[in-house]
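# here is the input, now give the coordinates:
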Amino acid sequence: MKNLLRSLLLAPLLASAALAGPIPAGSWGGASELIGGPDVMALIIRQDPTNPTAGYAILAEYTRLPYIPGPERLEIARWVPRLYIYRMEQLGKDRFAMKPLRVSAAGEIEVDAAAVAGELSLAKAGTLVGAKMTRFEKGQALPAETIAFEGKVSSTWEGWVPGDYFGSKDSTGGDYTHKRVNTRLGKDKSAEFFQQDIVGKFSASEKAPGIFVFTPNGAVAKGLDKVAGRLAVFVDIVNWKPFFTTDELLLINPDDAKDVGFYYERH
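The predicted structure follows:
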C-alpha cells in the first residue's frame, strides 16, 4: 500500500518532468510575411532563473542595411520599428505560450489579461531553428503574424547599463554616429531625461531578469507617459564583443508595439 501511494504521488511529477524541456535561451532570427529584404524578426530569450521551463522574451523587428556578405554580425540593424515582450510558459514538450506583458497600476510587471497569448512551437528541443511563432493582436481571433525562425542573430540581452544615452527618432539610423546626449543613467538605477519631449528624473527597478520599470523621482515636466508604464530592456543589437560594445536602451509600449523608445549608448 505504501508503494502504491508513493507511486500515485510521484506520477504527476514524473509526467511533468517528461514534458519539461529547457527554454531555448539565446537570440534567434526569422522571417515574417510582414517584412522583406534584409530585415529580420529577432526573438531574444532569457530563462527564468527560478523555473527551467519558463522565461522571458523580446520580439523585435530589425530594419537592416542592404546585405553585406560575411558573418551575421555584419548585417547592421539601423532601426527597431516594432517591439514586443513576453512571459514564456511551457505548454507541452516543445510548445510554449507567449504571454504579452504590461506594467500594472502598482508598477509591477504582469501578464496582460486583455491580450491573446501567442505560441512558439519548436521543431527540435533546445533550438529555434525550424521553429514557428504565432503572434496575435489584441481583440483579434486570428494570428496577425507567423514567424519562421532560421538561425541565430548576434544580439545579447544585457542587465542595467549605466551611462550616457541619446533618445533617437531617426529611423534611418542617422543618430548613431554623432555624440550628442539627452539621457543619463546612473549606477544606482537613477535616470535623468532632458529631451525636447521628455524632461524629468526617474528611478528604475528590475522587476524580472533584465526587465526594468521606471517610476518618477519628483515632478516630471514633460513626457511622463513616454517613460512610466513602459518596460525597459538593454540590448546589444549588433554584438561586436570583445572588440566593441554599444548597447541600446529600448522602452517597450505594451499598448503600441510601434511606439518604440530607442536610445543609443554613448561612449
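# all contacts plus neighbour counts: C-alpha atoms, from now on.
OK.
# list the buried residues of the strand of greatest length in the chain.
Taking DSSP state E as the criterion, the chain has its longest strand at strand 77-92. Buried positions in strand 77-92, judged by neighbour count with 16 or more other CA atoms under 10 Å: 77-91.
# secondary structure element for residue 164?
strand 163-168 (DSSP states H and E).
# relative to strand 77-92, how tilted is that strand?
100 degrees (axes from the mean of the first three to the mean of the last three CA atoms, to 10 degrees).
# ok, residues contacting the next helix or strand after strand 163-168?
Per DSSP H and E, strand 163-168 leads on to strand 183-185 as the next helix or strand towards the C-terminus. Where contact means CA atoms under 8 Å, 6 or more residues apart in numbering, the residues beyond strand 183-185 that reach it are 161-167, 191-195.
# again with stretch 100-116
Contacts for stretch 100-116 (CA under 8 Å, 6+ apart): 84-87, 99, 117, 136-140, 207-208, 213, 215, 229-231, 254.
# got a list of what the most centrally placed residue in the chain touches?
For the chain, the residue nearest the mean C-alpha position is residue 58 (2.0 Å; CA atoms, centre = their mean). Counting by CA under 8 Å, 6+ apart, residue 58 touches 42-45, 83-86.
# what does residue 259 give?
Neighbour list for residue 259: 81-82, 252-253 [criterion: CA under 8 Å, 6+ apart].
# apply 7 Å and report the result again.
Counting by CA atoms under 7 Å, 6 or more residues apart in numbering, residue 259 touches residue 253.
# where does it sit: helix, strand or coil?
coil (DSSP: H, G, I helix; E, B strand; the rest coil).
# related to what we said a few turns ago, show me just the buried residues among the contacts of stretch 100-116.
The buried subset of the contacts of stretch 100-116 (16+ other CA under 10 Å) comprises 84-87, 99, 117, 136, 213, 215, 229-231, 254.
# residue 166 versus residue 185, what's the distance?
Separation of residue 185 from residue 166 (CA to CA, to the nearest Å): 11 Å.
# more neighbours: which of these two?
residue 166 (24 against 21; other CA atoms under 10 Å).
# compute the first-to-last residue distance for stretch 84-103.
Counting by CA to CA, you get 13 Å between the two ends of stretch 84-103.
# ugh, wrong one, stretch 249-264
7 Å.
# give me the number of residues near residue 149?
Neighbour number of residue 149 under other CA under 10 Å is 24.
# show the subsequent helix or strand relative to the helix or strand that contains it.
Element membership for residue 149 (DSSP H and E) is strand 145-152. Next helix or strand after strand 145-152 toward the C-terminus (DSSP H and E): strand 156-158.
# partner strands of that following strand, parallel or antiparallel?
Paired neighbours of strand 156-158 in the sheet (DSSP bridges): strand 231-236 (antiparallel).
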